[in-house]
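Novice: starting from these lines, generate the structure:
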Amino acid sequence: MDGAEGRTSPTAATVDVWVRETTTHGFPGTSAPADAGLDEHERERWVRFADRRDAAAYLALHALARREVGRLVGRPPESLRFDRTCPDCARQHGVPRLLDDPGIHLSLSRTRGLVALALSRSGPVGVDIEVVHAVQFRGYADVALHADERGHGSSGLTDAAAWVRKEAALKALGVGLRVDPTTFVTPVSGVPTDVVPGMPSVTVVDLDVPRAYAAAVALESAGGALTVRAH
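Specialist: Numbers count the residues shown, from 1 in each chain. From the prediction side, this is the model:
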């Protein structure tokens with residue numbers, strides 16, 4: 001993963017990624033979402049979290065997204081407008097699209113203790129982050145790995161690394177887990193791969209995160225080398 005200094009706009013075949021730790025020291029006050037620029041939908045979602053760790057991660061991630069997207073488009077974070085229409089039920093819980101600049105593609109992922117944001121102008125992007133122990137359960141291979149991967153693992157990857165590569169790829173394609181991850185072999189990092197018949201290829205790259213986590217980012221139709229800039 002290539003590092004980057006400064007605040008530069010995403011360019012061709014490039015994904016910009018932010019990974020941040022979150023804190024759970026005390027539950028944020030009721031004014032915190034508004035102070036962070038969250039809209040009504042985000043505030044309503046935040047208030048429904050019963051666990052302060054989940055609430056802290058959600059708040060940190062959406063504040064981060066608004067702040068960094070606002071820098072790119074030159075607008076205050078609270079003024080940004082997102083559409084999250086789900087293609088299945090039309091409710092506002094789908095992939096976020098920036099109405100103010102549709103050319104910016106974004107993806108968000110969170111788990112307790114760590115959040116990730118990916119932005120790109122190169123095409124649809126997907127990012128996924130997971131706690132390693134979260135996928136260490138009996139029957140994991142049956143719900144996550146292709147038949148060719150079962151029994152001997154996914155090319156030496158940890159279970160968590162395989163999972164985040166698959167989910168990042170499906171996010172980039174805009175289908176998420178509506179596509180069964182057992183229907184395709186885990187993509188090789190940095191290699192354009194066809195994962196869903198009839199859909200564009202994706203290129204997946206692993207992200208550098210603390211050892212307790214695994215993370216990956218994917219870009220749709222990245223025919224050449226994919227540059228990932230960490231901020």
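Novice: so for this protein, the centremost residue is which one?
Specialist: residue 127 (2.7 Å; C-alpha atoms, centre = their mean).
Novice: okay, and the residue of the chain positioned farthest from its centre sits in which element?
Specialist: The outermost residue of the chain relative to its centre, with distances by C-alpha atoms, centre = their mean, is residue 151 at 28.3 Å. For residue 151, there is no enclosing helix or strand under DSSP states H and E.
Novice: the residue nearest to it when sequence neighbours are not counted: how many residues sit nearby?
Specialist: Among residues not flanking residue 151 along the chain, residue 141 sits closest, at 7.7 Å (C-beta to C-beta, 6 or more residues apart in numbering). In this view, the C-beta of every residue, glycine as well, is placed from N, C-alpha and C. By other C-beta atoms under 10 Å, 17 other residues sit near residue 141.
Novice: please report phi then psi for residue 141.
Specialist: phi -60, psi -30 (degrees, to the nearest 10).
Novice: ok, which stretches of this protein are helices?
Specialist: In the chain, the helices defined using DSSP state H lie at 32-35, 40-47, 52-73, 140-144, 159-172.
Novice: helices or strands up against the fourth one?
Specialist: Applying 3 or more C-beta pairs under 8 Å, 6 or more residues apart in numbering; DSSP states H and E, one finds that helix 140-144 makes contact with helix 159-172.
Novice: alpha carbons of the helix it packs on, as CSV, please.
Specialist: Output of helix 159-172 as CSV, limited to C-alpha atoms (Å, rounded to 0.1, in the frame of the first residue of the first chain):
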residue,chain,number,x,y,z
ASP,A,159,-10.0,-16.5,7.5
ALA,A,160,-10.4,-12.8,8.2
ALA,A,161,-8.2,-11.8,5.3
ALA,A,162,-10.2,-13.9,2.9
TRP,A,163,-13.5,-12.6,4.2
VAL,A,164,-12.6,-8.9,3.9
ARG,A,165,-11.2,-9.4,0.4
LYS,A,166,-14.5,-11.0,-0.7
GLU,A,167,-16.7,-8.4,1.0
ALA,A,168,-14.7,-5.5,-0.4
ALA,A,169,-15.0,-6.9,-3.9
LEU,A,170,-18.8,-7.4,-3.5
LYS,A,171,-19.2,-3.8,-2.1
ALA,A,172,-17.3,-2.4,-5.1
